[in-house]
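Chemist: take this sequence and fold it.
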Amino acid sequence: MSFVILRHAKIKNASKHAVIGHNHRLGDESQKVNIDVSLGGLNRSLMGAGALKRLNDLLPEKMRKDAVVAIETVVSASPEFFDSIEEDRAKLAQNPKFKKWVLDTQVWMKKEWGDNVVDAVLHMDESTPHIHFLTVPRVNERLCAKEFLAIGVMQRHQSEYSAAMAPHGLQRGIPVTETKRKHIGLKESSGSGGQGAKLAAELATAKTELAR
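Modeler: Below is the predicted model:
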């Protein structure tokens, strides 16, 4: 049985350009050690250009300098789930079963956070296919990330997304409180040597396990 992967992260105002740049492979993002540039053409911007404007349009005129302006949600599944559909990435991108997973994931995300979702990008050029969503944590014209990321809300997300993915043969993953694993972020360039390759391998393993 394969597992769903769903992880949230807080994005502050100072980081929004970098996050959007990474997700849309702007600048030198394609040079990161965990990115296979030969597969870059398979990435898809699911909401089109203009993510930064859509994000800014939902922000209040007045907010704290350190306010959380977006929540990034990374959604994926165990590598064997995708490999069971098709190991070749180019063929996988066109496979109806894979396309249905992408569509059903978008539908679930839209149902959960509606018009607050301002960006969605499918990455096919890393170790495991995954989707990045950006959501503005706006409630009644104010930013309130705590309401969006409360423990009970995140636990519900895990359960409800897992239920939505059950028709795909996916089930809820192992909570991080049990695995004790930590997410590893990669910022090294392709020339960073063995340490970068080691981190990439660790990240591939970590992505198969779920944060509660």
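Chemist: can you show me the helices along this structure?
Modeler: Here the chain has its helices, by DSSP state H, at 16-23, 51-57, 79-85, 89-94, 96-113, 145-148, 151-165, 176-179, 194-206.
Chemist: can you add mean pLDDT, distance to residue 37 and mean neighbour count and give those back as TSV?
Modeler: Glycine gets a C-beta too; all of them are placed from N, C-alpha and C. What follows is the helices of the chain, written out as TSV (pLDDT from 0 to 100; distance: least, Cβ to Cβ, whole Å; neighbours: other Cβ atoms under 10 Å):
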stretch	mean pLDDT	distance to residue 37	mean neighbour count
helix 16-23	93	14	18
helix 51-57	96	22	16
helix 79-85	96	20	17
helix 89-94	97	13	14
helix 96-113	97	21	16
helix 145-148	90	34	17
helix 151-165	93	30	15
helix 176-179	49	31	12
helix 194-206	35	14	15
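Chemist: those: which one's closest to residue 64?
Modeler: helix 145-148 (11.2 Å; Cβ to Cβ).
Chemist: what is the burial count for residue 88?
Modeler: 10 (other Cβ atoms under 10 Å).
Chemist: I'd like the distance between it and residue 98.
Modeler: 11 Å (Cβ to Cβ, to the nearest Å).
Chemist: before we move on, the earlier item: can I get the helices of the chain in CSV including distance to residue 45?
Modeler: As requested, those are arranged in CSV below (distance: least, Cβ to Cβ, whole Å):
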stretch, distance to residue 45
helix 16-23, 8
helix 51-57, 8
helix 79-85, 20
helix 89-94, 14
helix 96-113, 12
helix 145-148, 23
helix 151-165, 22
helix 176-179, 29
helix 194-206, 23
